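> Here is a sequence together with a model predicted from it:
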Amino acid sequence: MTMSPRPESDPVSQSFGSLVDVRIGLSAEVRHASVSALNRILAHTMALRDLYKKSHWQTAGLTFLELHQLFDKHYEEQAALMDTLAERVQTLGGVARALAGDVATESRLTRAPSGIETPHHQLARLLDAHEFVLAEARPLAREAAERGDDGTNDLLVSQVIRTHELQSWFVWRHIPRVVEHDKRA
């Protein structure tokens, strides 16, 4: 039994890009800027989460078990971060990105090849992705603070930036050992 797609005329209670009136003491202009910024970080987070799962499934070599477990742990942390970001978007009255097509359109993270990469290349790609997200998140946090959106600033600093810094450090710490193992192989 196959299901046909639902017609385009399905009712939408809130269009993407719109805001509903919420009473949290922030103007629509401030909330709109924060929703836009958070949705961009959310798209990057969803892309990075999936990159971690791909790496988890496809890692190999002498460091297999250690990387397999690390990639899965970071995948779970990125998934939790996604939920927090999406809930903040909704709290601000916006609509959170939620579909793969939206992520592909919004995120500018470098995509991995369909094939299996070496552990070194997996780690390098993840490290680059973290650095990219951090470079985007830091100015967005400052802008949120300047607009008076302390909740968004706090989320970006205490959860997004700190999570990415810590995960980046863990990934970076594995690179010398993987390179050394690759040379021996």
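Nice, thanks for sending it over.

> Any regions of the protein where pLDDT drops low?
Applying pLDDT under 70 to the chain picks out residues 1-10, 177-185.

> any idea which helix or strand comes after the biggest helix by length in it?
In the chain, assigned by DSSP state H, the helix with the most residues is helix 28-58. Tracing the chain past helix 28-58, the next element assigned as helix or strand by DSSP states H and E is helix 64-91.

> Quick check: buried residues in that next one?
67-68, 70-71, 74-75, 77-78, 81-82, 84-86, 88-91 (16 or more other C-beta atoms under 10 Å). Where you see a C-beta, it was placed from the backbone N, CA and C, and this is true even at glycine.

> Mind giving me the packing neighbours of the longest helix of the chain?
Under the contact criterion of 3 or more C-beta pairs under 8 Å, 6 or more residues apart in numbering; DSSP states H and E, the helices and strands touching helix 28-58 comprise helix 64-91, helix 100-106, helix 119-147, helix 150-155.

> Kindly export the shortest one (C-alpha atoms) in PDB.
C-alpha atoms of helix 150-155 as PDB (Å, rounded to 0.1, in the frame of the first residue of the first chain):
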ATOM      1  CA  ASP A 150      19.000  38.000  26.700                       C
ATOM      2  CA  GLY A 151      17.400  34.600  26.300                       C
ATOM      3  CA  THR A 152      18.700  34.100  22.800                       C
ATOM      4  CA  ASN A 153      22.100  35.500  23.800                       C
ATOM      5  CA  ASP A 154      22.200  33.100  26.700                       C
ATOM      6  CA  LEU A 155      21.300  30.100  24.600                       C
END
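
> Might one say that residue 109 is in contact with residue 45?
No - with contact defined as C-beta atoms under 8 Å, residue 109 does not count as touching residue 45 (9.6 Å).
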